[in-house]
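Enquirer: structural data only, the sequence is not supplied:
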């Protein structure tokens with residue numbers, strides 16, 4: 001379908017953002033979705049500290065936890081940029097969200113990944129502190145945050161350090177190369193540099209020595225938890241995200257792929273109030289709520 005008119009209008013008014021990413025401007029606090037409690041804390045390790053933000057939807061004795069990784073460098077992401085989405089997911093689903101303020105250093109992505117892994121492991125090990133349990137923790141991320149989320153899940157399967165209950169991946173980057181015209185994916189050829197993404201920023205990720213999600217062996221993918229993946233029609237990464245979903249299904253994993261026609265990379269953070277923005281949270285909430293859902 002044609003790209004949504006409000007997106008075209010935005011890029012006509014902000015042509016530089018076609019390659020630099022959409023500028024994010026949050027409303028003042030009083031105009032953001034209400035939620036019971038938000039706390040800023042710090043996870044401390046020997047060699048570094050990571051800020052986290054905790055979203056508590058209501059008062060209850062026990063919570064399911066969702067570890068959240070913001071959309072990183074491609075979407076100018078940080079805790080503040082993801083504040084509205086975290087409020088909405090938490091208040092809609094009843095999950096307590098722990099958003100990790102990782103630094104998306106694509107020039108040293110292996111280090112970024114290691115920090116995120118240690119942070120997630122620490123949260124799981126301290127689950128009782130958050131009034132949860134170590135078997136009731138899911139993971140979510142958008143863009144490069146989605147890539148981190150699924151690679152963390154893969155590593156947890158390999159090491160058996162902890163268990164992820166569900167994973168939610170908003171338009172993840174799943175193939176670590178910067179090919180455009182000679183790419184196997186048509187979406188890279190058609191949409192790079194047009195709607196907020198420039199693949200030249202992938203160089204550091206390629207040099208990280210991490211395996212891309214699409215290169216993970218089927219024996220590991222078969223053990224993946226229930227997974228929800230979003231793709232967007234006009235996203236350069238849409239084809240590879242959908243290929244990742246297909247590969248997981250072929251391996252035997254339980255995967256739900258939802259394609260948002262007419263939309264672009266980052267729609268779960270950009271253009272708040274738009275129909276797909278709201279639909280994205282509704283589908284996410286349904287996925288989190290249905291413990292025994294058989295995915296299509």
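Expert: Yep, that arrived. Owing to the predicted nature of the structure, the values given are computational and were not obtained by experimental measurement.
Enquirer: ok so residue 122 is a helix residue?
Expert: Yes: when DSSP: H, G, I helix; E, B strand; the rest coil is applied, residue 122 is found to be in a helix.
Enquirer: host element of the nearest residue to residue 34 once chain neighbours are set aside?
Expert: Nearest residue to residue 34 in three dimensions, chain neighbours excluded: residue 91, at 7.4 Å (CB to CB, 6 or more residues apart in numbering). (C-beta placed from N, C-alpha, C; glycine too.) For residue 91, the element it lies in under DSSP states H and E is helix 83-93.
Enquirer: the helix or strand following that helix to helix 83-93, inter-axis angle?
Expert: Of the helices and strands lying after helix 83-93 in sequence (DSSP H and E), the nearest is strand 96-100. In terms of direction (axes from the mean of the first three to the mean of the last three CA atoms, to 10 degrees), strand 96-100 departs from helix 83-93 by 160 degrees.
Enquirer: partners of strand 96-100 in the sheet?
Expert: Its sheet considered, strand 96-100 pairs with strand 49-56 (antiparallel), strand 65-69 (parallel) by DSSP bridges.
Enquirer: coming back round to it: quick check: the residue nearest to residue 34 vs residue 55, distance?
Expert: 8 Å (CB to CB, to the nearest Å).
Enquirer: try residue 239
Expert: Distance from residue 239 to residue 55, by CB to CB: 33 Å.
Enquirer: ok, which stretches of this protein are helices?
Expert: 5-13, 17-20, 83-93, 109-125, 144-159, 186-191, 203-206, 218-221, 238-251, 275-289 (DSSP state H).
Enquirer: any low-confidence regions in this structure?
Expert: 73-77, 104-107, 201-209, 291-296 (pLDDT under 70).
Enquirer: repeat that for 80
Expert: Across the chain, the ranges flagged by pLDDT under 80 are 23-26, 72-77, 104-109, 200-210, 291-296.
Enquirer: now the end-to-end length of stretch 221-230.
Expert: 18 Å (CA to CA, to the nearest Å).
Enquirer: what of stretch 61-79?
Expert: 26 Å.
Enquirer: of residue 91 and residue 55, who's got more company?
Expert: residue 55 (23 against 20; other CB atoms under 10 Å).
Enquirer: quick check: that one touching residue 90?
Expert: Yes: taking contacts as CB atoms under 8 Å, residue 55 lies within contact range of residue 90: 4.1 Å.
Enquirer: shared neighbours, those two?
Expert: 35, 96, 97 (CB atoms under 8 Å, 6 or more residues apart in numbering).
Enquirer: out of those, flag the one nearest to residue 69.
Expert: residue 97 (11.0 Å; CB to CB).
Enquirer: who does the closest one form a beta bridge with?
Expert: Going by DSSP bridges, residue 97 forms beta bridges with residue 55, residue 66.
Enquirer: ok, how many other residues are close to the residue lying closest to residue 144 once chain neighbours are set aside?
Expert: Leaving aside its sequence neighbours, residue 144 sits nearest to residue 72 (CB to CB, 6+ apart; 3.8 Å). If you count neighbours by other CB under 10 Å, residue 72 ends up with 26.
Enquirer: for residue 72, give me its contacts.
Expert: So residue 72 contacts 102, 104, 143, 144, 145, 148 (CB under 8 Å, 6+ apart).
Enquirer: do the same with residue 259
Expert: Residue 259 neighbours (CB under 8 Å, 6+ apart): 230, 231, 232, 233, 238, 242.
Enquirer: same thing but 10 Å
Expert: Residue 259 makes contact with 229, 230, 231, 232, 233, 235, 238, 241, 242, 245 under the criterion CB atoms under 10 Å, 6 or more residues apart in numbering.
Enquirer: ok, now residue 185?
Expert: Counted by CB under 10 Å, 6+ apart, residue 185 has contacts 174, 175, 179, 236, 237, 238, 239, 240, 241, 242, 243.
Enquirer: now with 7 Å?
Expert: 239, 240 (CB atoms under 7 Å, 6 or more residues apart in numbering).
Enquirer: residue 269 against residue 70, yeah?
Expert: No: counting by CB atoms under 7 Å, residue 70 is not a contact partner of residue 269; they are 8.2 Å apart.
Enquirer: if you count what's nearby, which of those two comes out ahead?
Expert: Using other CB under 10 Å, the more surrounded residue of residue 269 and residue 70 is residue 70, with 28 against 23.
Enquirer: wait, the more buried one sits on residue 144?
Expert: No: checked against CB under 7 Å, the pair residue 70 and residue 144 is beyond contact range at 9.0 Å.
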